[in-house]
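Participant: Give me coordinates for this.
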Amino acid sequence: MGITLGLALLLLAVLLGLWAVRLRRATGLPWVPVTYRDTDGYALEKPLVARRLGLVGKPDYLVTIRGHTVPVEVKPGRRAARPYESDLMQLAAYCVLVEETSGAAPPYGLLRYAERTFRLDYTERLRDEVLNLIDEMRVALADIDCERSHDDVRRCTGCGFFEQCDQALESLE
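Facilitator: Numbers count the residues shown, from 1 in each chain. The predicted structure is shown next:
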């Protein structure tokens, strides 16, 4: 009886281990410690705040790789051979937030799509590009006559200003 119970527990442990490996692979996260997570089903983490820059954000994960904090953004519904520019800029903004809040720049960020993980090297040039983009966005938001910048119905209907927008795509059709 003791041997049978022991084998059953061993088999259960192996099955649970395999399930955990499969689950970890599906997230696209590297096998490193996760220090922050803002994903469904978990207690919400506090946002990263860079008051000096007026920037606030919540990456899906922060992981520690070789002593560096690396932001990870997960887009499980995306299937693309190359990352979208908007996703890269979002990830780059998280890199800026990590640098501002920790005092140490991450070497890169990770962007996970449904089937691929992309690495975005965080450079001084990329930081400047993100900060310039943020400045452009602030100017556009302050402009009373800001024009819609896309023709994507899904993006339009998902916008927080959809109900008030006189340029909403569905209202134009």
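
Participant: got any ranges where the protein has weak pLDDT?
Facilitator: Within the chain, the ranges that satisfy pLDDT under 70 run 1, 23-29, 31-33, 35, 39-44, 144, 146, 160, 170-173.

Participant: Could you pull out the strands in it for me?
Facilitator: 34-37, 48-50, 55-57, 61-65, 68-75, 108-113, 117-121 (DSSP state E).

Participant: got TSV for these, with mean neighbour count and distance to residue 4 too?
Facilitator: Any C-beta I mention is one placed from the backbone N, CA and C, and that applies to glycine too. TSV is the format used below for the strands of the chain (neighbours: other CB atoms under 10 Å; distance: least, CB to CB, whole Å):
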stretch	mean neighbour count	distance to residue 4
strand 34-37	16	37
strand 48-50	17	52
strand 55-57	16	53
strand 61-65	19	41
strand 68-75	21	42
strand 108-113	22	42
strand 117-121	16	42
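
Participant: Pick out the residue nearest the middle of the protein.
Facilitator: Geometric centre of the chain, nearest residue: residue 73, 2.0 Å, by CA atoms, centre = their mean.

Participant: what's that residue in contact with, if anything?
Facilitator: Contact analysis of residue 73 by CB atoms under 8 Å, 6 or more residues apart in numbering lists 59-60, 87, 90-91, 94, 109-112.

Participant: Let me have these in TSV, extended by distance to residue 22.
Facilitator: Formatted as TSV, these follow (distance: CB to CB, whole Å):
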residue	distance to residue 22
59	24
60	19
87	25
90	27
91	25
94	27
109	25
110	19
111	21
112	15
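
Participant: Among these, which one sits closest to residue 133?
Facilitator: residue 90 (10.4 Å; CB to CB).

Participant: got the residue ranges for the helices in this structure?
Facilitator: All helices of the chain, identified by DSSP state H, fall at 2-27, 85-102, 124-142, 153-157, 169-172.

Participant: Any idea which of those gets closest to residue 64?
Facilitator: Per CB to CB, nearest to residue 64 of these: helix 85-102, 11.0 Å.
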